[in-house]
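> build me a structure from this.
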Amino acid sequence: MNVELVIEDERWIAAELDLLAGQAALAVTDHLSLTPPDGEVFEVSLLACDDTRIAALNGDFRKNPAPTNVLSWPSEDRATDQPGGAPHPPSGPELGDIAIAYDTCQREAAAQGKKFPAHVTHLLVHGILHLLGYDHIDDKDAALMEGLEVEILGKMGISDPYEG
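Numbers count the residues shown, from 1 in each chain. Sure, this is the predicted structure:
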């Protein structure tokens, strides 16, 4: 998978976001056995920003002008028609865009007693699953998505982010 990284907050460089994003993307597509059509390469655009930027994006797109950890914008609607069902597979290589905020990720990791790279990897897996049509709006969808996150992260050596 090709992750196009746009760094607006330089702190992400030291956090090795490029490496974490590549590992998360590969883990998700491998776990779901996804291959792009026609032998192409899946593409994700990742904006590495701070709380100010993500709050503006959150306000623009979700009418909630507050910082959040991660936002995602799928390139197409892949959602399933039935709660708890698997989404439709991508019809092309472009999966969509993700934005991730350093400040919120750092605060959350510290508050939850998690290592920053593990927390960021979880949020990247979460964001990529959103691009693939997974969601957590209702209980059945949330159970499916969270179960996949736990399985994928477990394969990466990262403990269950929902425990504790």
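> ranges for the helices of this protein?
Per DSSP state H, the chain carries helices over the ranges 11-14, 17-31, 51-62, 102-112, 116-131, 139-155.
> tell me which of those sits nearest to Asp81.
helix 139-155 (11.8 Å; Cβ to Cβ). Heads up, the C-betas are built off the backbone N, CA and C, glycines and all.
> re earlier: out of the helices of the chain, the one nearest Leu5 is which?
With respect to Leu5, and counting by Cβ to Cβ, the nearest of the helices of the chain is helix 17-31 at 5.4 Å.
> not counting its own residues, what contacts the closest one?
1, 3, 5, 7, 34-35, 42, 44, 46, 48, 100, 117, 120-121, 124-125, 128-129, 132, 148, 151-153, 155-156 (Cβ atoms under 8 Å, 6 or more residues apart in numbering).
> among those, the buried ones, what's the ChimeraX command?
Buried subset of these, written as a ChimeraX selection, criterion 16 or more other Cβ atoms under 10 Å:
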select :1,3,42,44,46,48,100,117,120,121,124,125,128,129,132,148,152,153,156
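> the residue nearest to Pro37 when sequence neighbours are not counted: how many residues sit nearby?
Closest residue to Pro37 apart from its sequence neighbours, by Cβ to Cβ, 6 or more residues apart in numbering: Gly92 at 6.5 Å. If you count neighbours by other Cβ atoms under 10 Å, Gly92 ends up with 13.
> which ones are touching the spatially most central residue of the chain?
Central residue of the chain (Cα atoms, centre = their mean): Gly127, 1.8 Å from the mean position. Contact analysis of Gly127 by Cβ under 8 Å, 6+ apart lists Val70, Leu71, Ser72, Ile98, Ile100.
> for the last one, give me its contacts.
If a contact means Cβ under 8 Å, 6+ apart, then Ile100 has Leu17, Leu46, Leu47, Ala48, Cys49, Ile54, Asn69, Val70, Val120, Leu123, Leu124, Gly127 as its contacts.
> I'm done for today, thanks for sticking with me.
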